[in-house]
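Asks: I need the structure of the sequence given here:
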Amino acid sequence: MNPFFSATYRYLRQLLSALVMVVTLGGCADPPALTPLSSQQLTTEQVLTARLSVGFNKAYILTRGPAFSSWALDTGRQLQRLSNDQLPENTRDFVISPDESALMTSDGQTVILWERDSLTAVGTLDFQQQLGDAQVYVMAFISNTVLVTGNSDGSIIIADIGNNLFKRYEAHSSEVTKLLVGHQQQMLYSAGNDGKVVATSLQDLSVHAEYTTPFRVTSMVSNADNSLMFISDALNDQVFWQPWQNRVAGALDYWQQYRFFRKGLFIRDDTRLITTSPKTDLTLWRTDTGEEITSWSATSHSMGSAILDLQQTDNGRLITLTSDAVVESWDISGLP
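Replies: Residues are numbered from 1 along each chain as shown. From the prediction side, this is the model:
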């Protein structure tokens, strides 16, 4: 079918579905409006990227300068800091290991490994020999001594720091933008601007499953055991993918012609999905029908503000962290 007519048909079908829903549910009560339980801005420095800790009690922030810092969420106090005389000038990304004992920073050509508690550099990897003019685009830990990089030329490199070994393979035809080390470190999930999502075995680098979107991938979100993933491209392909069976289990259903998503989080035993827009909007969806339930917005202090991370705490509250370094807590227990 012609892409124009296909998009038009999809739009009309979803508009009709939305009208039917309005008529059917017109008498139903709307979900409660969400306001944050707490909100604090940790710093006013310009944020490059930021992440929440595994224990939901800290935020890690990389700012221009560059500078890396960690913050206590209960007090809003800065705990640690690496300043610009300790980091390469063009440092633009960082990753914390799953047990939070190690930190990895990159300027696109070199990767520095740090002991996180003391912020002491313990090793530097120069990727110029492996990449040439290409650059490291995204990183992840496989273990505290084995890391993986997705690169601007579409390649992926697995680096064993302890044994000084490098494995490189071609996974994508353009920039690798997302990496996820799977449950029990058995599988690596990668996504790129070529529209592909690839599940690769870390044992023999064989491709286990693959899904292709029409445009570049903007979201790759997994549940805890990687049995269900949310995949979104930059236009209107947003699906629930089951990589174990390599099949599409469903898709988001909305009345607009296009929607754009960045971050996401599965909750309530994977029956719900929270997504974020390119800015600070959050939306709650049903995963069985793809139905939109409700939406709300995090606090914004600038035009370019975006949500950089979101996590659910052990007591069920949602924590969001934005590019304005604003951390907010939300009670989502009352949502359908």
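Asks: residue ranges of the strands in the stretch 1-150 of the chain, please?
Replies: Counting by DSSP state E, counting those that start in this stretch, the stretch 1-150 of the chain forms strands over residues 38-41, 47-52, 58-63, 67-72, 78-82, 93-96, 102-106, 110-115, 120-126, 136-141, 146-151, given from the N-terminal end onward.
Asks: Show me the one of those that comes nearest Val181.
Replies: Distances from Val181 to each of the strands of the stretch 1-150 of the chain were compared by Cβ to Cβ, and the smallest falls on strand 136-141, at 5.2 Å. (C-beta placed from N, C-alpha, C; glycine too.)
Asks: coming back round to it: worst mean pLDDT among the strands of the stretch 1-150 of the chain?
Replies: Within those, confidence is poorest for strand 120-126, with a mean of 91 (mean pLDDT).
Asks: mind listing what that one pairs with, with the direction of each?
Replies: strand 110-115 (antiparallel) (DSSP bridges).
Asks: Name the residues of the strand it pairs with that are buried.
Replies: Using 16 or more other Cβ atoms under 10 Å as the test for burial, strand 110-115 gives 110-114.
Asks: How about Arg247: which residues does it bridge to?
Replies: With DSSP bridges applied, Arg247 shows beta-bridge pairing to Gln242.
Asks: And for it, the neighbour number?
Replies: Other residues within reach of Arg247, judged by other Cβ atoms under 10 Å, total 12.
Asks: per-residue confidence for it?
Replies: Here, the pLDDT recorded for Arg247 equals 97.
Asks: quick revisit: now distance to Ser152 too, for the buried residues of strand 110-115, in TSV please.
Replies: Listed next are the buried residues of strand 110-115 as TSV, based on distance: Cβ to Cβ, whole Å:
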residue	distance to Ser152
Thr110	15
Val111	14
Ile112	19
Leu113	21
Trp114	24
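Asks: on that earlier part again, with distance to Ile158 as extra columns, can I get the strands of the stretch 1-150 of the chain in CSV?
Replies: Putting the strands of the stretch 1-150 of the chain into CSV (distance: least, Cβ to Cβ, whole Å) gives the following:
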stretch, distance to Ile158
strand 38-41, 38
strand 47-52, 22
strand 58-63, 24
strand 67-72, 24
strand 78-82, 26
strand 93-96, 14
strand 102-106, 14
strand 110-115, 12
strand 120-126, 12
strand 136-141, 10
strand 146-151, 5
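Asks: Which residue lies nearest the spatial centre of this structure?
Replies: A centroid search over the chain (Cα atoms, centre = their mean) returns Lys263, at 4.8 Å, as the residue closest to the centre.
Asks: Thought Val148 was touching Leu188, still the case?
Replies: Yes - at 6.4 Å, Leu188 and Val148 qualify as touching, with contact defined as Cβ atoms under 8 Å.
Asks: Between these two, which contacts overlap?
Replies: Overlap between the neighbourhoods of Leu188 and Val148 consists of 142, 156, 179, 181, taking contacts as Cβ atoms under 8 Å, 6 or more residues apart in numbering.
Asks: Who are the contact partners of the second one?
Replies: In this case it means Ile156. With the criterion set at Cβ under 8 Å, 6+ apart, Ile156 makes contact with 148-150, 168-172, 176, 179, 188, 190, 200.
Asks: again, only this time at 10 Å
Replies: Each residue near Ile156 by Cβ atoms under 10 Å, 6 or more residues apart in numbering is listed here: 138, 148-150, 167-172, 176, 179, 188, 190, 192, 198, 200, 205.
Asks: Repeat that for Ala224.
Replies: Counting by Cβ under 10 Å, 6+ apart, Ala224 touches 183, 266, 269-270.
Asks: ok so, going back, buried subset of the contacts of Ile156?
Replies: 138, 148-150, 168, 171-172, 176, 179, 188, 190, 192, 198, 200.
Asks: Distance-wise, check Gly182 relative to Val327.
Replies: Taking Cβ to Cβ, to the nearest Å as the criterion, Gly182 is separated from Val327 by 28 Å.
Asks: Of these two, give the one with the bigger neighbour count.
Replies: Taking neighbours as other Cβ under 10 Å, Gly182 and Val327 compare with Val327 leading, 24 against 19.
Asks: give me the low-pLDDT residue ranges for this protein?
Replies: In the predicted model of the chain, residues 1-32 satisfy pLDDT under 70.
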